[in-house]
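Visitor: Coordinates for the following, if possible.
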Amino acid sequence: MMRIVNLSRTGLFVVMRSGALASLAGRTHWRSLDEVWSAARSENVPVSDFVVRTAAA
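Guide: Residues are numbered from 1 along each chain as shown. Below you'll find the model as predicted:
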């Protein structure tokens with residue numbers, strides 16, 4: 001199962017699998033959470049509904 005991470009400083013979203021950056025549909029980052037969900041659905045990949053948010057320092 002993949003985990004979605006929101007990189008608060010940049011505003012981008014990425015997905016992690018086993019602690020490593022992963023790709024969906026050939027992409028490694030997205031501008032919105034909806035885009036991540038859409039990519040995961042199109043690839044039929046299970047994604048955690050918990051979104052990790054990094055701190056914006």
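
Visitor: As a check, name the ranges of all strands in this structure.
Guide: Secondary structure of the chain (DSSP state E): strands at 2-7, 12-17, 20-22, 47-53.

Visitor: any chance of those in TSV, with distance to residue 36, mean neighbour count and mean pLDDT too?
Guide: C-beta here means a position set from N, CA and C on the backbone, and glycine is covered the same way. Formatted as TSV, these follow (distance: least, C-beta to C-beta, whole Å; neighbours: other C-beta atoms under 10 Å; pLDDT from 0 to 100):
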stretch	distance to residue 36	mean neighbour count	mean pLDDT
strand 2-7	5	17	96
strand 12-17	5	18	97
strand 20-22	11	11	97
strand 47-53	7	12	94
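
Visitor: quick one, which of these is nearest to residue 41?
Guide: strand 47-53 (8.8 Å; C-beta to C-beta).

Visitor: how much does that closest one deviate in direction from strand 12-17?
Guide: Following axes from the mean of the first three to the mean of the last three C-alpha atoms, to 10 degrees, one obtains 130 degrees for the angle between strand 47-53 and strand 12-17.

Visitor: Other residues contacting strand 47-53?
Guide: Here strand 47-53 makes contact (C-beta atoms under 8 Å, 6 or more residues apart in numbering) with 1-6, 8, 13, 15, 33, 36-37, 40.

Visitor: want to throw the strands of the chain into TSV with distance to residue 28?
Guide: Below are those laid out as TSV (distance: least, C-beta to C-beta, whole Å):
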stretch	distance to residue 28
strand 2-7	11
strand 12-17	6
strand 20-22	6
strand 47-53	15
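
Visitor: returning to that earlier point: looking at the contacts of strand 47-53, which is nearest residue 56?
Guide: residue 8 (3.9 Å).

Visitor: Need the phi and psi values for the closest one.
Guide: Backbone torsions of residue 8, given as degrees, to the nearest 10, read phi -60, psi -40.
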